[in-house]
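Peer 1: below are the sequence and a predicted model for it; my questions follow.
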There are 2 protein chains.
Amino acid sequence: MPRRPRVSPDRILAAAALEFAERGFAGARVDRIARRARVNKAMLYYHFGSKAMLYRALLRGLFAQAGQRLEAIARSDQPPGAKMDEAILVLAGFLREHAFFPAIMLREIAEGGAHLDRDTLALMAVLPRTIASIVVDGTERGVFHNVHPFFTYVSLVAPIAFYLASAPIRTEVLQHHLRAGGDTTPDAFVAHVQETVRRMLVRNSADLPRSL
Amino acid sequence: MPRRPRVSPDRILAAAALEFAERGFAGARVDRIARRARVNKAMLYYHFGSKAMLYRALLRGLFAQAGQRLEAIARSDQPPGAKMDEAILVLAGFLREHAFFPAIMLREIAEGGAHLDRDTLALMAVLPRTIASIVVDGTERGVFHNVHPFFTYVSLVAPIAFYLASAPIRTEVLQHHLRAGGDTTPDAFVAHVQETVRRMLVRNSADLPRSL
DNA sequence: GTCTATACTTCGATAGAC
DNA sequence: GTCTATCGAAGTATAGAC
C-alpha cells in the first residue's frame, strides 16, 4: 500500500507556521511561504487550494494536538490540583515546542476568528472547555475555591501566550536600552503561572505550598 | 490665536484605530480608513505621511495616555496593595474606553514591534515599568510576597487584554453552539484579576479578603 | 487644505507544458 | 505531481487642479 508523499505538505505547513506567526494572515505572503518551504507556488496551491485553506489546515492541526494533550490530563487519575498544575505545564510546553504558536494565538484572538471555519473554531474551543472541566471538577469535590471556569482558563493561557510571544519585542526593548522586563526565563515564568493559579484556586491557606 | 483644525486628524485617528484593531497593520486598508473618517485618501496622506506613520501616531497617543494614568497611581499616596488594585481597575478601564486597543496590543506583541520606532517603543515600556515600580515598592516595604515585577505585569495585562479582545471570537463560538466561555461580564472579569493579583502578592493569609 | 484621477507595485491565483 | 510564466485584482502613494 503506497503512502502519499507527506514531505511536501509538511514542509509547506512548517513554513506557513513561521510566516503566519511573524506577519499574520494578511501580512503573510504566499510566495514567501513557498520559498521557505523550497516548493514552488503552484505546488502549494495544488496541496492546499488557497492561502485561507492553508491557514486553516495549520490551525486545525495545532489546536487538535494541543486539545488532545489537555484532554488526556483531564481524563487522568489525579487530584484536581495536580491536574491543573500539569495542564499548565503541558500547555506551556506545547507552546514552547511550537514557538510560532503563541503569536498565532494572539493574532487569532485579535482577528475575531475572521479566517476560521466552524471546524477550526470547534477545535479551538476544546482548550477552554477542558480547563473548565478541571475547575468544575475541583470545585464540586470541594478542593477548589469557587472561581469562574472560563476566567481560570484566560488567567493561565493569556499570560503564557503573551509572555512567550513577547520575546521579540522584549529583545527589541532591551536593545534600545529601555529596560522593561529584565532577565527572565520561560521555565521561571511557567512556574510563576502555576503558583498564581494554585493561589487563585486554593480553599484553605494550609494547602498552599511554601510561605503564604 | 487661531488653532489648527483638529477635527480631520482626529477623525482619521479614530477611523484608523477601528481598522487597525479589526485587521492589523498589514490587513488595514488606507482607503477604508479614509472612507470611515469621511475624508479622501490624499487628506490622510497630507496629515500623516504614510500608513506606518499614521499607525505610530495612533499608538503613541494610546500608550502615552495609558502610561500617564498608571504613573499617576504609582505616584499617589496609598499603600501598595491599594495602588495595585487601582492600577488594574484603571488599566482595564482605559482598555474598555478604547475598545479597539486590546486587539491592537495583542497584535503588536505578536508583531514583535515591527512597525514601531524608538519613541513608540519607549512609551509602551512605561506600562510594565510602572507596574514593576509598584511591586518593588510593596516588596521593599514588606507587604508583598516576593514576586517577579515583570511577571506581575504580564499576569494582569495579558488576561485583561486577552479577555476584552476575545469578545468577538467568543460571540462567534457561541453562535456556533460550541459553548466555551459562558456568560461573563467585563466587570466580573476585572474583579477576578484584582482578586488573583491580590492572592499572588499577599504575604500572610490574614490579609486576604473573604475566605481563602 | 481639499479633491479627482492615476501611476506604480505587489500579491493571490491559474494556465498550460512536462 | 511539478514547474514557468503570467494574468487580473487590489493596494499604497502621488501628481496636479482648485
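Peer 2: On my side now, so go ahead.

Peer 1: only C-alpha atoms for contact and neighbour calcs from this point on.
Peer 2: OK.

Peer 1: and stretch A:15-24, anywhere near chain B?
Peer 2: Yes. For stretch A:15-24, a contact with chain B is found by C-alpha under 8 Å from any C-alpha of the partner chain, at A:21-24.

Peer 1: where neighbours are concerned, which of those residues has the most?
Peer 2: residue A:24 (26 neighbours; other C-alpha atoms under 10 Å in any protein chain shown).

Peer 1: tell me the domain ranges of chain A?
Peer 2: A:1-49, A:52-211 (automatic domain parsing).

Peer 1: pick the most deeply packed of those domains.
Peer 2: Among the domains of chain A, ranked by average contacts under mean count of other C-alpha atoms under 10 Å in any protein chain shown, first place goes to domain A:52-211 (a mean of 19).

Peer 1: now check it, is it near DNA strand C?
Peer 2: Yes. Residues of domain A:52-211 contacting DNA strand C under C-alpha under 7 Å from any atom of the strand: residue A:52.

Peer 1: gap between that domain and the chain center?
Peer 2: Relative to the centre of its chain, domain A:52-211 is centred 6 Å away, using C-alpha atoms, centre = their mean, to the nearest Å.

Peer 1: and the longest helix seen in chain A, what does it pack against?
Peer 2: For chain A, the longest helix by residue count, based on DSSP state H, is helix A:51-75. Counting contacts by 3 or more C-alpha pairs under 8 Å, 6 or more residues apart in numbering or on different chains; DSSP states H and E, helix A:51-75 is packed against helix A:7-27, helix A:80-97, helix A:118-140.

Peer 1: select, out of the ones you listed, the one closest to residue B:144.
Peer 2: helix A:80-97 (23.5 Å; C-alpha to C-alpha).

Peer 1: A strand includes residue A:177, no?
Peer 2: No. Residue A:177: not assigned to a strand; according to DSSP: H, G, I helix; E, B strand; the rest coil it is coil.

Peer 1: now it: how far from residue B:80?
Peer 2: 27 Å (C-alpha to C-alpha, to the nearest Å).

Peer 1: and for residue A:201?
Peer 2: From residue A:201 to residue B:80 the distance is 23 Å (C-alpha to C-alpha).

Peer 1: now do the phi/psi pair for residue A:176.
Peer 2: Main-chain dihedrals, residue A:176, degrees, to the nearest 10: phi -90, psi 10.

Peer 1: ok, the closest residue to it other than its chain neighbours to DNA strand D distance?
Peer 2: When the adjacent residues along the chain are set aside, residue A:176 lies closest to residue B:118, with 7.1 Å between them (C-alpha to C-alpha, 6 or more residues apart in numbering or on different chains). In this view, residue B:118 and DNA strand D are 19 Å apart by C-alpha to the nearest atom of the strand, to the nearest Å.

Peer 1: again, but for residue A:166
Peer 2: Residue A:166 is 25 Å from DNA strand D, by C-alpha to the nearest atom of the strand.

Peer 1: hmm, the longest helix of chain A touching DNA strand D?
Peer 2: No. Judged by C-alpha under 7 Å from any atom of the strand, helix A:51-75 and DNA strand D are separated, with a smallest distance of 13.4 Å.

Peer 1: quick one on the thing from earlier: nearest to residue A:104, of the helices and strands packed on helix A:51-75?
Peer 2: The closest of those to residue A:104 is helix A:7-27. By C-alpha to C-alpha, the value is 5.0 Å.

Peer 1: so residue A:127 touches residue A:69, yeah?
Peer 2: No. Using C-alpha atoms under 8 Å, residue A:127 is not in contact with residue A:69, being 9.7 Å away.

Peer 1: so where's chain A shaky on pLDDT?
Peer 2: Along chain A, the model assigns pLDDT under 70 to residues A:1-5, A:205-212.

Peer 1: returning to what we had before: okay, the helices and strands packed on helix A:51-75 in CSV with distance to residue B:33 next?
Peer 2: As requested, those are exported to CSV (distance: least, C-alpha to C-alpha, whole Å):
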stretch, distance to residue B:33
helix A:7-27, 16
helix A:80-97, 35
helix A:118-140, 29
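
Peer 1: out of those, nearest to residue A:187?
Peer 2: helix A:80-97 (9.3 Å).

Peer 1: and the closest one with helix A:51-75, angle?
Peer 2: 150 degrees (axes from the mean of the first three to the mean of the last three C-alpha atoms, to 10 degrees).

Peer 1: name the helices or strands packed onto helix A:80-97?
Peer 2: Helices and strands touching helix A:80-97, as assessed by 3+ C-alpha pairs under 8 Å, 6+ apart, comprise helix A:51-75, helix A:118-140, helix A:149-165, helix A:186-201.

Peer 1: what's the angle between the first one and helix A:118-140?
Peer 2: Which is helix A:51-75. Using the same axes, to 10 degrees: helix A:51-75 against helix A:118-140 is 20 degrees.

Peer 1: ok, and what's touching helix A:51-75?
Peer 2: Applying C-alpha atoms under 8 Å, 6 or more residues apart in numbering or on different chains, the external contacts of helix A:51-75 come out as A:13, A:16-17, A:20, A:25, A:30, A:45, A:48, A:83, A:86-87, A:90-91, A:94, A:101, A:115-117, A:119-120, A:123-124, A:126-127, A:130-131, A:133-134.

Peer 1: also stretch A:10-20?
Peer 2: So stretch A:10-20 is contacted by A:27-29, A:32-34, A:36-37, A:39, A:44, A:54-55, A:58, A:100-101, A:104 (C-alpha under 8 Å, 6+ apart).

Peer 1: 6 Å instead?
Peer 2: If you take C-alpha atoms under 6 Å, 6 or more residues apart in numbering or on different chains as the criterion, stretch A:10-20 is touched by A:28, A:33, A:36-37, A:100.
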